[in-house]
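>>> how would this look folded up:
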Amino acid sequence: MDPHLLRTFITVAECGSFSAAAARLGYTQSAVSQHIAALESDLGTPLLGRRPVVPTPAGERLLEHAGPLLLRLDAARADVRRTIAGPPSTLTLAASPLAAHSLARGLAEVRRSHPGTEHSLTVCGRSQVVAGVAAGTFTLGLIDGIAAPTDPLHLSDAVQLRTTPVAHDELVVALPADHPLANRRDLTLADLVDARWIDAPDLAAPLAALRTAAGSNALHPAFTYHGTDLRTLLTLIQAGHGLAALPRPAVTPSSAAVQGLAAVPLTRPRLVHRTELLHGHLSGPAAEALAGVLSDLE
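Below you'll find the predicted structure:
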């Protein structure tokens, strides 16, 4: 399958419109239609309904494979480029929102030891960090998430990225100070099956991951927050829109943003909040130095 056709197919499925996909990709609508027709001819089956534009059952199956396939191709291209390119003049970094604070100390030390290297930092969602490091868009990435105490974070089955542990913190349930459970010494997920949750997949522990850890489908969101601003999430919790599982440093009494909130340890199942450094093949002394500094923080 031609990867260009796959990218077009994914874009049309995401946009739900041939014209919107053409605008996003910079193609004509006719070219987009030709790409989809060629892909359907190659596979011998319709992949998209036309009115409305939604994936057919075969298209749904292809979508499950298309993203990982394209990520593997991007990762292969990036690895080849890294073998022939010299050390980058700019150290491009990406971090998920709660992991970004771990970079401050490391960057300060690297800038002192490598004054000629420019730096750029992008704060984005967890999946964007993984995809960007795999594709070579970012030299290094810092990502956070939840895992069992002895397990690394689960990243992507599509690519192999090296990881270095940076930090781990206690996981707590953030809830309003006047919540009936706010005075508990600890909580379990079993205590919270009927709770109102905020699903903030790029900030808090994703509900999908909590459901997997609990072995239950009973945790449901009452509110979904797709942003990356921690203060906004804490304000939503304080206002009673739902609760969320966060690392303890994100819910500290010293912060004005968390006044009126309680942080109760989540004790079962046993989970921790981990921060890990992601890297492909490190290129350049500045990248290697930053990886060393961050790994020393563990």
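
>>> could you give the bridge partners of Ala263?
Per DSSP bridges, the residues bridged to Ala263 are Ala174.

>>> separation between it and Asp169?
Look at Ala263 and Asp169: by CB to CB, to the nearest Å, they are 11 Å apart. For every residue, glycine as well, the C-beta is placed using N, CA and C.

>>> quick check: neighbours shared by those two?
Common neighbours of Ala263 and Asp169 (criterion: CB atoms under 8 Å, 6 or more residues apart in numbering): Arg248.

>>> okay, these two: which has more neighbours?
Ala263 (22 against 16; other CB atoms under 10 Å).

>>> list the contacts for that one?
Applying CB under 8 Å, 6+ apart to Ala263 gives the contacts 172-174, 246, 248, 251-252.

>>> burial count for Leu219?
Leu219 has 19 neighbours, counted by other CB under 10 Å.

>>> and it, helix, strand or coil?
Three-state call for Leu219 (DSSP: H, G, I helix; E, B strand; the rest coil): coil.

>>> my guess is it contacts Leu192. True?
Yes - the pair Leu219 and Leu192 qualifies as a contact (CB atoms under 8 Å) at a distance of 7.0 Å.

>>> so which residues of the stretch 101-250 of the chain form strands?
For the stretch 101-250 of the chain, the strands defined by DSSP state E, counting those that start in this stretch occupy 118-123, 140-147, 162-176, 187-188, 197-199, 221-224, 244-247.

>>> now Ala239, nearest residue through space, not along the chain?
Pro176 (7.9 Å; CB to CB, 6 or more residues apart in numbering).

>>> what's the neighbour count on the closest residue to Ser113 other than its chain neighbours?
Closest residue to Ser113 apart from its sequence neighbours, by CB to CB, 6+ apart: Ala289 at 5.9 Å. Neighbourhood size, Ala289 [other CB under 10 Å]: 18.

>>> what of the one 3 residues further on?
Neighbour count for Gly292, taken as other CB under 10 Å: 15.

>>> return the residues in contact with it.
So Gly292 contacts nothing (CB under 8 Å, 6+ apart).

>>> so which helix or strand takes in it?
Per DSSP states H and E: Gly292 is located in helix 285-296.

>>> so that helix versus strand 118-123, what angle?
Relative orientation of helix 285-296 versus strand 118-123 (axes from the mean of the first three to the mean of the last three CA atoms, to 10 degrees): 50 degrees.

>>> can you list the buried residues in helix 285-296?
Using 16 or more other CB atoms under 10 Å as the test for burial, helix 285-296 gives 286-291, 293-294.

>>> likewise for stretch 129-140?
Here stretch 129-140 shows 129-140 as buried, counting by 16+ other CB under 10 Å.

>>> same question for it, mean pLDDT?
For stretch 129-140, the mean pLDDT works out to 87.

>>> ditto for stretch 161-175
89.

>>> ok so, going back, give the contact list for the residue nearest to Ser113.
So Ala289 contacts 109-110, 113-114 (CB under 8 Å, 6+ apart).

>>> how about 7 Å then?
Ala289 is in contact with 110, 113-114, counting by CB atoms under 7 Å, 6 or more residues apart in numbering.

>>> ok, back up a step: these two touch, right, the residue nearest to Ala239 and Leu261?
Yes - between Pro176 and Leu261 there is a contact under CB atoms under 7 Å: 6.5 Å.

>>> give me the common contacts of the two.
237-238.

>>> and the two? which has more neighbours close in?
Leu261 (22 against 18).

>>> okay, the more buried one: pLDDT?
As predicted, Leu261 sits at a pLDDT of 91.

>>> do the same with Leu243
pLDDT, Leu243: 95.
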